[in-house]
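Asker: Kindly generate the corresponding structure for this input.
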Amino acid sequence: MRQFDRENKLIHLPAFSAATWGARVLMAIVICVLAAGASVADGKKHKLSKDLDALKGGHNGATVDVIIQFNQTPTAAHHKKVQDKGGALKTKLDFIKGAHYSVPAGSLEALENDPDVAYISPNRPLRGTSTSTLDYTSETVNAPVAWQQWGLDGRGIGVAVIDSGVTAVGDLYWWNPTNQTYGSRVVYSQSFVPGTTDTSDQYGHGTHVAGIIASAGWFSTGGNFTHTFKGIAPNANIINLRVLDQNGAGTDSSVIAAIQTAISLKSTYNIRVINLSLGRQVHESYTLDPLCQAVEAAWNAGLVVVAAAGNQGRNDSAGTEGYGTIAAPGNDPYVITVGAMKTADTPTRSDDTIASYSSKGPTAYDFVVKPDIVAPGNQVISTLAPNASLLSAPTDVYLSEYSSSSSSSMTASTGSGGNGKNNKKDSTSSLSTMTTNTISPSYMRLSGTSMATPVVSGAAVLLLQQNPNLTPDQVKARLMKTASKNFPAYSTVADPTTGVTYTDYYDIFTIGAGYLDIAAALSSSDLADASAVSPAAVFDPSTQSVYLVTGQGVVWGDSSPWATSLVWGTNVFVNGTAVLWGSSVCWGTSSNAGFSVVWGTGVVWGDTSNQATSTALSILVGGEK
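Answerer: All right, here's what the predicted structure looks like:
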């Protein structure tokens, strides 16, 4: 769908007064809304993304990689027109009516003026969004209830992991103890990284993500172990579509091509879920972004798409306190966008808090309410890819953390799961000679919304195993409605390195519809009978009210069983009051600038330096206490 249906129904949320907001904030809103209206008053449709504008008209011979979307699926004639302007076709992306080209910068203006062209954007770089341990992740979201009460484990369901590759480590094998047979559950692998066909995980991110979804926990099972690191759907199959290189970097075109492949392989491997633990900055409306068009195509093809919210929740570079920092493609209203919680190293929910780095909504340009749901994502223990570049002291897991052995060594007989595929960081080591304070050869610890995303993907797998007839919209609506709504009003955390204290409020743009609860989702019989696209949030200065805006034929409304109060709860407003958005909470009392950025046309965070990248990497390996 290229445009959010703007023949909207308005869901009126509790109004707030001018006194609540303060006169300064209301004035900022009025100015912002008027400015936004004026910016499109000339009626001219801009078909060149803003980050390409500076290159338009260049004649120095430079070339640029772009994704061109057309008004129809491009034919040989369309490709020839680009080639006639000096362009070279790199990848066909027919399912989004586009293609990846290398074109001279000087040809951009001519291409923009081509009536067959809908939109041109760069082939943008993106990264994995990693930045509670898994020993309490599954308990926190009530996954054991699915395993024990319903006998659900993901068997027969395929999950496309579009990431840095998946190494087929032992915990991703199936094993039949009756006849001692075993085999890999990584059933298909393909690389979309330019210049290589290697599908193994040289970064360590994708294997970790796959383990959160589908680890069987063989190498932490047995009498010597105090905890088993099982994934949420520990018998699901993994379709490994590698798009990130050994540094965790990739491009839009690679991800789009991988999504296209997942759609084409849907029937062959019963792929029902796509996991996207990656993202990049939002540069334009999701209705124009080719990455968002790709995830919508997958959704409309019957695949549940789960995406990371991003790790920019601490980013206050624009004075927004981290609001407005949702990454693409998590900004698309169709997909399930996931924020990260901290389990406090306990299996109960009562002491869990949001990770301060978890990105917050609304989305840039479109003001879509995101994230949709939150799940454990901080300091998660999962499967380790040998020789991965992420292996380092902060990511190390020690045997003593999950072994009960009091002797100086351990044996492999109870933890091997019947297969000989244990993975080792140190090829000279042997499990039979490892002391309990030895670094684990099978598991590592990572943090971020990248780790929360596969928790929700695993939950979707369990729902689909229970009822294979569920549509993506029904899965999304069910998970959101049954999510736990019990949160504190706010929480704080101090960064031990910088001394900065971060305060998070549990509003609709921080925790979405709530905390994933798999048992509640499986127990529910509610079936959404319409689209579950996430609503947009709009401030109306004439009524001084905030509205949720949804399109025609959307399930959310003011009637049971999908009333907004049931899906998002009554505590998603600031401090549990009838205020959706408050200046004194979100921005402090000294400035309205941040509010204007979020609700205007400004970009909250950018790529002018490597600050965002380095910060995300720090989160990935260190997490938050």
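
Asker: What pLDDT is listed against the residue nearest to residue 123 when sequence neighbours are not counted?
Answerer: Once flanking residues are discounted, residue 123 sits nearest to residue 65: 3.9 Å by C-beta to C-beta, 6 or more residues apart in numbering. Any C-beta I mention is one placed from the backbone N, CA and C, and that applies to glycine too. For residue 65, the pLDDT comes out at 90.

Asker: tell me which residues of stretch 255-268 are tucked away?
Answerer: Within stretch 255-268, the residues that count as buried by 16 or more other C-beta atoms under 10 Å are 255-263, 265-266.

Asker: could I have that stretch exported to PDB, CA atoms only?
Answerer: Output of stretch 255-268 as PDB, limited to C-alpha atoms (Å, rounded to 0.1, in the frame of the first residue of the first chain):
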ATOM      1  CA  VAL A 255      17.500  -6.400   2.500                       C
ATOM      2  CA  ILE A 256      14.800  -5.800  -0.100                       C
ATOM      3  CA  ALA A 257      16.200  -8.700  -2.300                       C
ATOM      4  CA  ALA A 258      16.200 -10.900   0.800                       C
ATOM      5  CA  ILE A 259      12.600 -10.100   1.500                       C
ATOM      6  CA  GLN A 260      11.700 -10.800  -2.100                       C
ATOM      7  CA  THR A 261      13.400 -14.200  -1.700                       C
ATOM      8  CA  ALA A 262      11.500 -14.900   1.500                       C
ATOM      9  CA  ILE A 263       8.200 -14.300  -0.200                       C
ATOM     10  CA  SER A 264       9.200 -16.600  -3.100                       C
ATOM     11  CA  LEU A 265      10.200 -19.400  -0.700                       C
ATOM     12  CA  LYS A 266       7.200 -19.000   1.500                       C
ATOM     13  CA  SER A 267       5.400 -22.200   0.400                       C
ATOM     14  CA  THR A 268       8.600 -24.300   0.000                       C
END
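
Asker: residues in contact with the residue nearest the centre of the chain?
Answerer: Closest to where the C-alpha atoms of the chain average out (C-alpha atoms, centre = their mean) is residue 308, at 1.2 Å. Residue 308 makes contact with 129, 276-279, 327, 330, 337-338, 448-450, 452-453, according to C-beta atoms under 8 Å, 6 or more residues apart in numbering.

Asker: okay, it: pLDDT?
Answerer: 96.

Asker: of the buried residues of stretch 255-268, closest to residue 492?
Answerer: Residue 492 lies nearest to residue 255 out of the buried residues of stretch 255-268, by C-beta to C-beta, at 35.6 Å.

Asker: Just to confirm, what's the three-state secondary structure of that closest one?
Answerer: Assigned by DSSP: H, G, I helix; E, B strand; the rest coil, the conformation of residue 255 is helix.

Asker: Report how many residues lie close to the residue nearest to it when sequence neighbours are not counted.
Answerer: The shortest distance from residue 255 to any non-neighbouring residue, by C-beta to C-beta, 6+ apart, is to residue 243 (5.1 Å). By the criterion of other C-beta atoms under 10 Å, residue 243 has 28 neighbours.

Asker: how much space between residue 243 and residue 188?
Answerer: Residue 243 sits at a distance of 14 Å from residue 188 (criterion: C-beta to C-beta, to the nearest Å).

Asker: residue ranges with poor pLDDT in this protein?
Answerer: By pLDDT under 70, the low-scoring segments of the chain are 1-44, 57-60, 127-135, 405-437, 539-548, 550-551, 557-560, 570-621.

Asker: Kindly recompute the last result at 80.
Answerer: Residues of the chain meeting the criterion pLDDT under 80: 1-45, 54-61, 126-136, 318-319, 392-394, 403-437, 538-553, 556-566, 568-623, 625.

Asker: Show me how it divides into domains.
Answerer: The chain breaks down into these domains under automatic domain parsing: 52-123, 127-381+447-622.

Asker: Okay, helices next: where are they in the stretch 301-450 of the chain?
Answerer: 449-466 (DSSP state H, counting those that start in this stretch).

Asker: For it, just list every one of the strands.
Answerer: Secondary structure of the stretch 301-450 of the chain by DSSP state E, counting those that start in this stretch: the strands cover 304-308, 336-342, 353-354, 373-376, 380-383, 396-398, 439-446.

Asker: Nearest to residue 148, out of those strands?
Answerer: strand 373-376 (19.4 Å).

Asker: which other helices and strands contact the closest one?
Answerer: helix 134-140, strand 336-342, helix 449-466 (3 or more C-beta pairs under 8 Å, 6 or more residues apart in numbering; DSSP states H and E).

Asker: does the residue nearest to residue 255 really touch residue 166, like I thought?
Answerer: No: using C-beta atoms under 8 Å, residue 243 is not in contact with residue 166; the gap is 11.7 Å.

Asker: thinking again about what came up before, ok, now how distant is the residue nearest to residue 255 from residue 88?
Answerer: On the measure of C-beta to C-beta, residue 243 and residue 88 end up 21 Å apart.

Asker: can you check residue 261 too?
Answerer: Distance of residue 261 to residue 88, computed by C-beta to C-beta: 22 Å.

Asker: Likewise for residue 171?
Answerer: From residue 171 to residue 88 the distance is 43 Å (C-beta to C-beta).

Asker: now do residue 503
Answerer: For residue 503, the distance to residue 88 - C-beta to C-beta - is 51 Å.

Asker: for residue 353, same thing?
Answerer: Relative to residue 88, and taking C-beta to C-beta, residue 353 is found at 50 Å.

Asker: Tell me which of those two has more neighbours.
Answerer: Looking at residue 353 and residue 88 with other C-beta under 10 Å, you find the greater number of neighbours at residue 353, namely 19 against 14.

Asker: Identify the residues contacting the more buried one.
Answerer: 341-342, 344, 488, 491, 493, 504.

Asker: Report the beta-bridge partners for it.
Answerer: Taking DSSP bridges as the rule, residue 353 bridges to residue 342.

Asker: helix or strand for the residue nearest to residue 109 when sequence neighbours are not counted, which one?
Answerer: Nearest residue to residue 109, sequence neighbours excluded (C-beta to C-beta, 6+ apart): residue 56, at 5.0 Å. For residue 56, there is no enclosing helix or strand under DSSP states H and E.

Asker: Then residue 91?
Answerer: Residue 91 belongs to strand 88-93, assigned by DSSP H and E.

Asker: In the sheet, which strands lie alongside that strand, parallel or antiparallel?
Answerer: strand 98-104 (antiparallel).

Asker: circling back to that earlier point, among the buried residues of stretch 255-268, which are located in helices?
Answerer: The helices, defined by DSSP state H, take in 255-263, 266 from those.

Asker: how about the residues you listed in CSV, adding distance to residue 508?
Answerer: CSV is the format used below for these (distance: C-beta to C-beta, whole Å):
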residue, distance to residue 508
255, 28
256, 30
257, 34
258, 31
259, 28
260, 33
261, 35
262, 31
263, 32
266, 33
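
Asker: Quickly name whichever of these is closest to residue 124.
Answerer: Taking those together and measuring to residue 124 by C-beta to C-beta, the closest member is residue 255, at 9.8 Å.

Asker: and that closest one, what does it touch?
Answerer: 126, 162, 192, 243, 276, 278, 291, 294.

Asker: now the residues you listed in TSV, with distance to residue 212 and secondary structure?
Answerer: Below are the contacts of residue 255 laid out as TSV (distance: C-beta to C-beta, whole Å; DSSP: H, G, I helix; E, B strand; the rest coil):
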residue	distance to residue 212	secondary structure
126	20	strand
162	15	strand
192	22	coil
243	18	coil
276	14	strand
278	14	strand
291	23	helix
294	23	helix
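
Asker: Columns distance to residue 392 on top of those residues, output as a markdown table?
Answerer: As requested, the contacts of residue 255 are exported to a markdown table (distance: C-beta to C-beta, whole Å):
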| residue | distance to residue 392 |
| --- | --- |
| 126 | 22 |
| 162 | 24 |
| 192 | 27 |
| 243 | 23 |
| 276 | 25 |
| 278 | 20 |
| 291 | 30 |
| 294 | 33 |
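
Asker: Perfect, I'm done here.
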